[in-house]
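*Asks:* I would like to see how this sequence folds:
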Amino acid sequence: MPRVPYTPRGPRLYYERRGSGEPLLCITGFAISSAVFEPVLPRLGERFDVITYDSAGRDARRRRCA
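*Replies:* Down below sits the predicted model:
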């Protein structure tokens with residue numbers, strides 16, 4: 001599962017992609033980490049190209065990805 005830092009003139013935005021198939025973007029609410037999707041990612045990855053990301057400023061995932 002690749003974890004990619006992205007910096008287009010701003011804070012890093014981390015995203016992960018898993019699986020294959022049609023793209024499925026998983027978006028969380030304010031102040032919630034994308035880790036909330038961890039329990040369902042294996043199942044979703046069987047059918048979809050699942051993309052999760054953390055909003056700019058979410059330190060929890062940044063520490064895990066660095």
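
*Asks:* Is residue 13 in contact with residue 54, as I believe?
*Replies:* Yes. The pair residue 13 / residue 54 is scored as a contact, 7.3 Å apart, by CB atoms under 8 Å. (C-beta placed from N, C-alpha, C; glycine too.)

*Asks:* more neighbours, these two?
*Replies:* residue 54 (22 against 17; other CB atoms under 10 Å).

*Asks:* mind listing the helices for the protein?
*Replies:* 41-45, 59-65 (DSSP state H).

*Asks:* Low-confidence stretches in the protein?
*Replies:* In the predicted model, the chain carries pLDDT under 70 at residues 1-12, 56-66.

*Asks:* buried stuff in stretch 14-34?
*Replies:* By neighbour count on 16 or more other CB atoms under 10 Å, the buried set for stretch 14-34 is 14, 15, 16, 17, 18, 19, 26, 28, 33, 34.

*Asks:* Can you name the two of those residues that sit furthest apart?
*Replies:* 19 and 33 (19.7 Å; CB to CB).

*Asks:* Just the buried residues of stretch 14-34: which are in strands?
*Replies:* 15, 16, 17, 18, 26 (DSSP state E).

*Asks:* Tell me how many other residues crowd the residue nearest to the third one when sequence neighbours are not counted.
*Replies:* I take that to be residue 17. Take residue 17 and drop its neighbours on the chain: the residue closest to it by CB to CB, 6 or more residues apart in numbering is residue 51, 5.3 Å away. Neighbour count for residue 51, taken as other CB under 10 Å: 16.

*Asks:* so who does residue 51 touch?
*Replies:* Applying CB atoms under 8 Å, 6 or more residues apart in numbering, we find residue 51 in contact with 15, 16, 17, 23, 24, 25, 26.

*Asks:* Okay, and the beta partners of it?
*Replies:* residue 17, residue 25 (DSSP bridges).
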